[in-house]
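J.: Provide a 3D model corresponding to the input given below.
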Amino acid sequence: MADDGKLDTPALPPPAEMRTVPATAAQGLRDLLIEISLPTITVLAVLYTAYFAQDLLIPVCVAVILSGVLWPAVAALRRARIPLALAAGLATFVPPVVVGTAIHYVTPSFETWRYRVPLFVREMELKLDTAFESLQRAREIAREASDMAAGKQPDQTPGQPPPQAPAESDIALDILWSVPVILAAAAATIILTYFMLVSGPALALWLVGNPAENRRIMRLAVVARQSLRDISAYYRTVTAINIGLALAVWGAMAALGMPQPYLWGIMAGLFNFVPYIGPLVAGAIIAIVSLIQFDTSVQIVAPPLLFAIITATEGYFVTPWLVGRVLTLNPLLVLLAVVFWGWMWGLAGAFLAIPIVAVTIRLVRFLASESSSARESPTGRES
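T.: Sure, this is the predicted structure:
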């Protein structure tokens, strides 16, 4: 008790001392949430935009890649004293003309198989007619038993034909309506490629400014240039590999007696631009054609088996040896990227999956390097 008659009370710690530890923990948690949520929201916003703006982004992305692939040809024509506009026009418009001519000569073979496959299916249905009828009857009995157990009336009387599938003319009409869209996208891609070859570097320099004035912009420009160079070299190498694959499949199918062997060679070379999925689809088509064409089991198995051997040799030995010098990516990451971008953008997404992954990895590494440099810098300013 104090001399003045008042009771002594224990001194309370200052409010700041009481809130030091909880405030520090809350601040750390808040910073962690911000650090995680901002990149997550940014990635989701980018993917959302990419999904709904695919009609605009796909031609632009393909044009960027094609301009990088065709630039060495433009540079070679420029060294021959050909004007830039003419060199870009030759490099841009000659390949589509060559591809269109090849498609023109290959189309009759596709049309032939378009009519042969339904005939084969019909023949198999006739051979297995009894089995199909038994299976259909078993399904009807099971459905009727399920309806009776649930107290419902059967939806249709026995013997009533099932609902008809869409007519072939309706399917053909849907495909016909999609042709102008595909042609318009292809034309837009070719035109964008031409203008990127002619004025793309000048436009990029105008947008970015002088990289020497900002070292960060200069480093980003170097990363972008190296990414485009690697992707262009990758597609040039893959194109050469796929041409060799097409010739090998052509010779193998001709040796085994497959009809129109050049057709399957061209198909194998084109489908191989889509990793993993393309060779599987091509092998399935060759297996179906072999089943249609031949009678004995050895003749039926030989074409898809030889195709699998050729594609396995290309995929496990040739491509890793040649492409690994240009662009090295994890196979699982490539497969996941092909599946994801194929779901996002369809066939074009599967084709663009590898360059998207390569650019994303380089960009993430650049941002991580810049963030590390900023943390290590005592002032935090750009040097």
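J.: right, and the helix or strand after the helix or strand containing L33?
T.: Mapping L33 onto the secondary structure by DSSP states H and E places it in helix 15-52. Beyond helix 15-52 on the C-terminal side, the first helix or strand identified by DSSP H and E is helix 54-79.
J.: elements contacting that next one?
T.: With contacts defined as 3 or more C-beta pairs under 8 Å, 6 or more residues apart in numbering; DSSP states H and E, the secondary structure elements packing on helix 54-79 are helix 84-127, helix 168-208, helix 215-255, helix 331-345, helix 347-376. Glycine gets a C-beta too; all of them are placed from N, C-alpha and C.
J.: quick one: which of the ones you listed is nearest Q299?
T.: Proximity of these to Q299 was assessed by C-beta to C-beta; the nearest stretch is helix 215-255, lying at 12.3 Å.
J.: quick check: angle from that closest one to helix 347-376?
T.: With axes from the mean of the first three to the mean of the last three C-alpha atoms, to 10 degrees applied, the angle from helix 215-255 to helix 347-376 works out at 150 degrees.
J.: any idea which helix or strand comes after helix 215-255?
T.: Counting by DSSP H and E, the next helix or strand C-terminal to helix 215-255 is helix 261-271.
J.: now do the buried residues in that next one.
T.: For helix 261-271, the neighbour count (16 or more other C-beta atoms under 10 Å) marks 261-269, 271 as buried.
J.: so which bits of the helix holding L33 are buried?
T.: Buried, per 16+ other C-beta under 10 Å, within helix 15-52: A50.
J.: ditto for stretch 238-251
T.: Residues of stretch 238-251 classed as buried by neighbour count (16+ other C-beta under 10 Å): 238, 241-242, 245-246, 248-250.
J.: show me what that stretch is in contact with.
T.: When contacts are taken as C-beta atoms under 8 Å, 6 or more residues apart in numbering, the neighbours of stretch 238-251 outside the stretch itself are 69, 261-262, 264-266, 268-270, 272-273, 307, 310-311, 314, 318-319, 322-323.
J.: which helix or strand in this protein has the lowest average pLDDT?
T.: When the helices and strands of the chain are compared on mean pLDDT, DSSP states H and E, helix 129-149 comes out lowest with a mean of 61.
J.: now stretch 236-247: average pLDDT?
T.: Here the mean pLDDT over stretch 236-247 is 91, rounded to a whole number.
J.: low-confidence stretches in the chain?
T.: Where the chain drops to pLDDT under 70, the residues are 1-23, 106-179, 204-214, 325, 373-383.
J.: which segments of it make up each domain?
T.: What the record gives for the chain is the domain set 54-151+178-198, 214-374, from automatic domain parsing.
J.: picking that back up, dump the helices and strands packed on helix 54-79 into JSON lines; add distance to L291 as well.
T.: Listed next are the helices and strands packed on helix 54-79 as JSON lines, based on distance: least, C-beta to C-beta, whole Å:
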{"stretch": "helix 84-127", "distance to L291": "8"}
{"stretch": "helix 168-208", "distance to L291": "22"}
{"stretch": "helix 215-255", "distance to L291": "14"}
{"stretch": "helix 331-345", "distance to L291": "27"}
{"stretch": "helix 347-376", "distance to L291": "26"}
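J.: which one of those lies nearest to L44?
T.: Comparison of the helices and strands packed on helix 54-79 against L44 by C-beta to C-beta identifies helix 331-345 as nearest, at 13.0 Å.
J.: determine the set of other helices and strands touching the closest one.
T.: helix 15-52, helix 54-79, helix 347-376.
J.: if we use 6 Å, what do you get?
T.: Helix 331-345 sits against helix 347-376, with contacts defined as 3 or more C-beta pairs under 6 Å, 6 or more residues apart in numbering; DSSP states H and E.
J.: so how many other residues sit close to the nearest residue to L220 once chain neighbours are set aside?
T.: Beyond its immediate neighbours in the sequence, the residue positioned closest to L220 (C-beta to C-beta, 6 or more residues apart in numbering) is F366, lying 6.6 Å away. Using other C-beta atoms under 10 Å as the criterion, F366 is surrounded by 17 other residues.
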